[in-house]
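Enquirer: the sequence and its predicted three-dimensional model are supplied below.
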Amino acid sequence: MEMKRQGRKSPVAAMSLSLLCSIHFQAILLLFVVLLHVKTLTVFGDSTGTTSSVGGNETDHQALLAFKSKITLDPRNIFSSWNDSNHFCQWEGVTCGRKHRRVTILDLRSRDLVGSLSPYIGNLSFLRQIVLANNTIGDKIPDEVGRLYRLRVLMLYNNSFDGEIPANLSHCSNLNFISVARNNLSGSIPKQLASLSMLKSLSFDTNNLMGGIPPFIGNLSSLQLISAADNVLGGHIPDALGQLQSLKYLGLGGNKLSDLFLTLPRLQWFQIDRNQFTGSLPVSLSNASELELFLIEENNFTGKVSVNFGGLQRLEKLIVDRNNLRSGDADEMDFFQSLANCSNLQILDIRANQFKGEVPTKGVFANSSAISLIGNSRLCGGISELKFPRCLTKEEKKAKWPLAVKVAISMACVIPVVTIMSFFLFCRHKSQRKDNSSESSLRQSLLKVSYQVLLKATDGFSPTSLIGVGSFGSVYKGILGEDESIVAVKVINIQRQGASKSFISECEALKNIRHRNLVKIITSCSSVDFHGNDFKALVFEFMPNGSLENWLHMDLETNTRQVDIQNLNLVQRISIAIDVACALDYLHHRCPMPIVHCDLKPSNILFDCDMIAHIGDFGLAKFLLELTNPKQSDSFGIRGTIGYTPPEYGVGCDVSTKGDVYSYGILLLEMITGKRPTNCVFEGGLNLHNYASMALPNRVIEISDPKLLNNCGDTDRTEECLISMVKIGVSCSMELPQERWDIIKALSELYLVRDILHGARI
């Protein structure tokens, strides 16, 4: 959502997926307009002709000049062609009919125009399309628009219009499409619109509309799209909407609606998130065979899910998190198995419900980055990345209670013995060095190599093998083992304060985690060198394509090989953003114990031979469980790197997953703008977050990395994706932690951006 709207979004709305649907709704509307535009051009022809203006033509001429006079800012100099040297039919944004030479289309979308809409627009009596979307045109929508009885398309979304929706739009009986979304309109939906029997698309979302959804909408039999999300609408959804047999897209999220009906077999998009719906999901959903998106999160739905999702083979996104749904007792497998059978399902979010049972391993459940199941405490099975407990067999379930009794008795005997032994062991080792004590717990979990082996592998830690220098050590390229595997050897600088603790933290963090987007640790070394000095090192999987820092900022003249890898295109950057978000989602939500990385930045994002991104350097990582210890001290001080560290860390707040999300937001904005957060242009209160926020939505191309824009074919689609990515980056890097998105929300939005860029069907 544009930044001018952010001020009025509630924290709940900020955590929703309403932007996901809003982008798609507007894309659908644009598609409808393009199709109608082509049809109009076919009927009325192109605008060519002489410079004379007589009769009705002069009326159009004067009306256009009046329109121009109300525009106070024209940064793209659109109106330079609006002069007497050209016939008005040749003015930019103006299309005329071939026969009568009258204005039929006024299309000035996305021109950054500022001003108001002249009432003389009503004098363009042959006008069939008004498309002024994506500008900053304000004040009231003139009542005179209602005089345009030939009007078919009214596209005013993403402007600054206020006041009420003109009731006399009902006089425009030929209207097919109305979109006044993303403005500041108030009042209610006018009941007079009931006469618009030819209406196909009706979009009011992201305004301040109140009241309810009027039943007359159910009489608009041609409607295919209704979007009224993010208003203040209340009451129930009228049963009359069930009469709309052509309705495909219904977006009502972010209101105060209750009482659900669903008898729409052709429905493709269903968005009622962030409302006040209660009760169980209607079984009739099973008949919505064309359903592609089902979004009902943050409601109060309860009870067993009896919907057979397995029959919805076109379903792509199912978001039902933060309700009180359950899978049932007798047939708890049916719900999950039906989801596993949805062959097109790409995103599944059932967080914070009461589901239980065995998680399948096929279908969408085979991809841990596509599903979110946390907050359902009685799940078992699934793929190994989910870390759920093993499911009990039927025999084990029958013997469950006796087994529990035996375990309780055994524990009652064992615990005192273990406690006494632990006390004596503690006393025995109390005088030993803290680092050695901590490291001893790692010896059984990590295979060790000797100093001599690593010395040989790195050619004596030769400067020619040096590939990077970090906060607590240096990284060398090495060749290890009989198979001569190429590895990365991170040698800890023991003399650096906190380095030994960093070594232990990194070992603890990495020994029990495994994900395709995390750098894999192979072995470790804790020994002495040939001079008797302590030596500590970690051996990692080698990342042959370097770091994101190199790709974004390496000087093209310093390394001829880097010239080939500098120009990360938009597709690559989106993939990298998704890879990093998947890794954070795993660390924050899917580990046995949540981990906060604490130092996310481009130099810690590494690429394998396939350009898949991996997060590395866990030297500052923190287990969230540790934060519950009030006596714990932190020798690292402020964690992270200047520019990427969240502001709350600077005032002594505990680390949290929201801190990683902040760093991720800054990282994402850096990937788009090509500017580090420490760039010299950011001074006097200006930072990368504000810099990107102020560019939304119309100046995103201006702030984008020029290298990013090279070889971009579809400019409109590229701009749409960049705007969405900047919004994600800004939403993740908000100053207050509670206002930041969760990484799951950011990941869902990034999948959507990727789909749009790839031309996915909407």
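Expert: Nice, I can see it.

Enquirer: make it CA atoms for all contacts and neighbour counts henceforth
Expert: Fine.

Enquirer: OK, contacts around residue 453?
Expert: By C-alpha atoms under 8 Å, 6 or more residues apart in numbering, the contact set of residue 453 is residue 480.

Enquirer: next one: it from residue 661, what distance?
Expert: 39 Å (C-alpha to C-alpha, to the nearest Å).

Enquirer: same check, this time on residue 716
Expert: With distances taken as C-alpha to C-alpha, residue 716 is found 29 Å from residue 661.

Enquirer: same question for residue 273.
Expert: With C-alpha to C-alpha as the criterion, residue 273 and residue 661 are 23 Å apart.

Enquirer: how about residue 379?
Expert: 27 Å.

Enquirer: quick check: domain ranges of this structure?
Expert: 23-245, 277-386, 439-542, 547-762 (automatic domain parsing).

Enquirer: where do the helices of the stretch 51-200 of the chain begin and end?
Expert: With DSSP state H, counting those that start in this stretch, the ranges of helices along the stretch 51-200 of the chain come out as 56-69.

Enquirer: give me the low-pLDDT residue ranges for it?
Expert: Where the stretch 51-200 of the chain drops to pLDDT under 70, the residues are 51-56.

Enquirer: which stretches in it count as strands?
Expert: Ranges of strands in the stretch 51-200 of the chain, per DSSP state E, counting those that start in this stretch, are 71-73, 94-96, 103-107, 114-116, 129-131, 136-140, 153-155, 160-162, 177-179.

Enquirer: would TSV of these with mean neighbour count and distance to residue 171 be doable?
Expert: Below are these laid out as TSV (neighbours: other C-alpha atoms under 10 Å; distance: least, C-alpha to C-alpha, whole Å):
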stretch	mean neighbour count	distance to residue 171
strand 71-73	14	26
strand 94-96	23	23
strand 103-107	23	18
strand 114-116	20	22
strand 129-131	22	15
strand 136-140	20	18
strand 153-155	23	13
strand 160-162	22	20
strand 177-179	22	13
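
Enquirer: including distance to residue 488, could these go into JSON lines?
Expert: Listed next are the strands of the stretch 51-200 of the chain as JSON lines, based on distance: least, C-alpha to C-alpha, whole Å:
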{"stretch": "strand 71-73", "distance to residue 488": "56"}
{"stretch": "strand 94-96", "distance to residue 488": "62"}
{"stretch": "strand 103-107", "distance to residue 488": "57"}
{"stretch": "strand 114-116", "distance to residue 488": "55"}
{"stretch": "strand 129-131", "distance to residue 488": "57"}
{"stretch": "strand 136-140", "distance to residue 488": "53"}
{"stretch": "strand 153-155", "distance to residue 488": "56"}
{"stretch": "strand 160-162", "distance to residue 488": "55"}
{"stretch": "strand 177-179", "distance to residue 488": "56"}
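
Enquirer: in this structure, what helix or strand scores lowest on average pLDDT?
Expert: Scoring the helices and strands of the chain by mean pLDDT, DSSP states H and E places helix 11-14 at the bottom, with a mean of 35.

Enquirer: residues of the helix or strand where residue 720 lies that come out buried?
Expert: Assigned by DSSP states H and E, residue 720 falls within helix 715-732. The neighbour-count check on helix 715-732 (16 or more other C-alpha atoms under 10 Å) flags 717-732 as buried.

Enquirer: tell me which of the residues you listed has the lowest pLDDT.
Expert: Among the buried residues of helix 715-732, residue 717 has the lowest pLDDT, at 80.

Enquirer: now it: how far from residue 63?
Expert: Separation of residue 717 from residue 63 (C-alpha to C-alpha): 33 Å.

Enquirer: my read: residue 255 touches residue 233, true?
Expert: Yes. Counting by C-alpha atoms under 8 Å, residue 255 touches residue 233, with 5.3 Å between them.

Enquirer: let's see the pLDDT reported for residue 451.
Expert: Residue 451 is assigned 84 on the pLDDT scale.

Enquirer: hang on, I meant residue 455
Expert: pLDDT, read off for residue 455, is 88.

Enquirer: find the nearest non-adjacent residue to it, please.
Expert: Using C-alpha to C-alpha, 6 or more residues apart in numbering and skipping the chain neighbours, the partner closest in space to residue 455 is residue 461 (6.1 Å).

Enquirer: pretty sure that neighbour is in a strand, no?
Expert: No. Applying DSSP: H, G, I helix; E, B strand; the rest coil, one finds residue 461 to be coil, outside a strand.

Enquirer: next, the residue positioned nearest the centre of the chain: phi, psi?
Expert: Nearest to the mean C-alpha position of the chain, counting by C-alpha atoms, centre = their mean, stands residue 749 at 2.4 Å. The phi/psi pair for residue 749 (degrees, to the nearest 10) reads phi -70, psi -40.

Enquirer: right, and it touches residue 729 too?
Expert: No. Under the criterion of C-alpha under 8 Å, residue 749 is not in contact with residue 729, lying 10.8 Å apart.

Enquirer: quick check: the gap between residue 576 and residue 101.
Expert: Relative to residue 101, residue 576 is positioned 52 Å away (C-alpha to C-alpha).

Enquirer: then residue 746?
Expert: Residue 746 sits 50 Å away from residue 101, going by C-alpha to C-alpha.

Enquirer: ok, the two, which is more surrounded?
Expert: Using other C-alpha atoms under 10 Å, the more surrounded residue of residue 746 and residue 101 is residue 746, with 28 against 22.

Enquirer: which strands and helices sit next to whichever strand or helix holds residue 669?
Expert: Assigned by DSSP H and E, residue 669 belongs to helix 657-673. For helix 657-673, the elements it packs on are helix 570-585, strand 595-596, helix 688-695, helix 715-732, judged by 3 or more C-alpha pairs under 8 Å, 6 or more residues apart in numbering; DSSP states H and E.

Enquirer: swap in 6 Å and give it another go.
Expert: With contacts taken as 3 or more C-alpha pairs under 6 Å, 6 or more residues apart in numbering; DSSP states H and E, helix 657-673 sits against helix 715-732.

Enquirer: got the contact list for the helix it packs on?
Expert: The contact list for helix 715-732 (C-alpha atoms under 6 Å, 6 or more residues apart in numbering) reads 661, 662, 665, 668, 669, 689, 740, 741, 753.

Enquirer: how far does it sit from its chain's centre?
Expert: Relative to its chain's centre, helix 715-732 lies at 10 Å (C-alpha atoms, centre = their mean, to the nearest Å).

Enquirer: coming back round to it: closest one of the contacts of helix 715-732 to residue 358?
Expert: Among the contacts of helix 715-732, residue 741 lies closest to residue 358 (C-alpha to C-alpha), at 29.6 Å.

Enquirer: wasn't the closest one part of a strand?
Expert: No. Checked against three-state DSSP, residue 741 lies outside a strand; its state is coil.

Enquirer: can you tell me how far it is from residue 731?
Expert: If you go by C-alpha to C-alpha, the gap between residue 741 and residue 731 works out to 6 Å.

Enquirer: do residue 547 as well
Expert: Between residue 547 and residue 731 the distance is 25 Å, computed by C-alpha to C-alpha.

Enquirer: now do residue 570
Expert: Distance, residue 570 to residue 731, by C-alpha to C-alpha: 20 Å.

Enquirer: what do you get for residue 91?
Expert: From residue 91 across to residue 731, the span is 39 Å (C-alpha to C-alpha).

Enquirer: one step back: what's next to the helix holding residue 669, contact-wise?
Expert: Contacting residues not belonging to helix 657-673 are listed as 596, 600, 644, 646, 676, 703, 704, 705, 729, 732, 733, 737 [C-alpha under 6 Å, 6+ apart].

Enquirer: using the three-state scheme, assign the fifth one.
Expert: Using three-state DSSP, the three-state assignment for residue 676 comes out as coil.

Enquirer: show me what contacts it?
Expert: Contacts of residue 676 by C-alpha under 6 Å, 6+ apart are residue 670.

Enquirer: ok, it to residue 147 distance?
Expert: Counting by C-alpha to C-alpha, the gap from residue 676 to residue 147 is 53 Å.

Enquirer: same deal with the first one?
Expert: Here residue 596 is placed at a distance of 60 Å from residue 147 (C-alpha to C-alpha).
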